[in-house]
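Engineer: Predicted model and sequence follow; I will ask about them next.
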Amino acid sequence: MTTAYGFTEYGGPDTQSYFDVTLPPPGAGQLLVSVRAAGVNPADWKVRAGTRKDTVPVTLPAVLGREVSGVVIGVGPRVTEFEVGDEVFGATATGFGGYAESTMLNVSSTAHKPPAVSWADAAVLTVAAGTAYDALHGLGLKPGATLLLLGAGGGVGRSTTALALAQGVNVIGVASESREPRSRTREHAGSSRETDSQTRCPRCPQVGWTRFSTLSAGTLSLAVLRSPDRVRQS
């Protein structure tokens, strides 16, 4: 038995509450994890509201949350990559949620937590970095290509920047003024005015930043700049 937080029916915040759930033993390729931290995403309330019934079926009451970090307390059959006591992070298995004392993860979507990474930071890597990876994989960019990234100050945007740079892709990041402190790291620095959007950090020539205060929070767009007169939007 584990205490969890979720919703008892589709609807608004008033449907949310604490309740106890019974977790089965981990199946083949699964890990039972004692949760240390859980990520919170817009998709959580969308599932609760019922807007994703067609793609995310749930059994009520349903536990909220899609990503966690924690310690392995149970290992399913044929699992060789992990053992009890390992510190891990990843996406919850289908039918399980992250807002709980314990939850189930699939080995295929779980990784060992590096010692230098906090529980909280590890918990929010899976959804943002996974979304960024899928977007870049779909674009199929080659080293030397230039990526215009709108919404670069958010979790997905920052993950996209890091992954793109690792692939040798040039990145022009666009973020609202409120996100600028997060975007301006030692690796990712540049201009603070739209008119200076082509400015590059001398120490990190692969990335440039510009600021648009009208950018809607939580949005992400990718555009591959092939030439000045041709932009492919995704």
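Structural biologist: Yes, it's here.

Engineer: pLDDT score assigned to the residue nearest to P61 when sequence neighbours are not counted?
Structural biologist: Using C-beta to C-beta, 6 or more residues apart in numbering and skipping residues adjacent in sequence, the residue nearest P61 is T8, 4.5 Å away. To be clear about C-beta, it is placed using only N, CA and C from the backbone, and glycine gets the same treatment. Confidence at T8, expressed as pLDDT, is 95.

Engineer: what's the burial count for T8?
Structural biologist: The number of residues packed near T8 is 13, by other C-beta atoms under 10 Å.

Engineer: Touching, it and D14? I think so.
Structural biologist: No: using C-beta atoms under 8 Å, T8 makes no contact with D14, being 9.9 Å away.

Engineer: Buried residues in the lengthiest helix in the chain, which are they?
Structural biologist: Using DSSP state H to define each element, the chain has its longest helix at helix 125-139. The neighbour-count check on helix 125-139 (16 or more other C-beta atoms under 10 Å) flags L125, T126, V127, A128, A129, G130, T131, A132, A135, L136, L139 as buried.

Engineer: Quick check, central residue of this protein?
Structural biologist: Central residue of the chain (C-alpha atoms, centre = their mean): A128, 1.7 Å from the mean position.

Engineer: Against N41, how distant is it?
Structural biologist: With distances taken as C-beta to C-beta, to the nearest Å, A128 is found 8 Å from N41.

Engineer: Please enumerate the helices of this structure.
Structural biologist: Listed in chain order, the helices of the chain (DSSP H) span residues 42-49, 119-123, 125-139, 155-166, 180-183.

Engineer: check contacts around the nearest residue to V58 once chain neighbours are set aside.
Structural biologist: Distance criterion C-beta to C-beta, 6+ apart; nearest residue to V58, sequence neighbours excluded, is V47 at 6.7 Å. If you count contacts by C-beta atoms under 8 Å, 6 or more residues apart in numbering, V47 has them with V56, V58, A62, L64.

Engineer: residue contacts, the third one?
Structural biologist: Think A62. G6, F7, V47, R48, G97.

Engineer: Pick out whichever of those residues sits closest to Q167.
Structural biologist: V47 (31.8 Å; C-beta to C-beta).

Engineer: and that closest one, what pLDDT?
Structural biologist: Per-residue pLDDT puts V47 at 94.

Engineer: And for V224?
Structural biologist: 46.

Engineer: who's A91 bridged to?
Structural biologist: Counting by DSSP bridges, A91 is bridged to E67.

Engineer: Quick check: it touching T126?
Structural biologist: Yes: applying C-beta under 8 Å, one finds A91 in contact with T126, separated by 4.9 Å.

Engineer: How much space separates P61 from E101?
Structural biologist: Counting by C-beta to C-beta, the gap from P61 to E101 is 15 Å.

Engineer: Show residues contacting the top strand by length along the chain.
Structural biologist: Assignment by DSSP state E gives strand 102-112 as the longest strand of the chain. The contact list for strand 102-112, computed with C-beta under 8 Å, 6+ apart, reads 2, 23, 26, 29-35, 63, 65, 68, 70, 73, 76, 79, 81-82, 86-93, 95-97, 126.

Engineer: If we use 6 Å, what do you get?
Structural biologist: The contact list for strand 102-112 (C-beta atoms under 6 Å, 6 or more residues apart in numbering) reads 2, 23, 29-35, 79, 81, 88, 90-93, 96.

Engineer: quick revisit: using TSV, lay out the contacts of A62 together with distance to G173.
Structural biologist: Below are these laid out as TSV (distance: C-beta to C-beta, whole Å):
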residue	distance to G173
G6	36
F7	36
V47	30
R48	32
G97	33
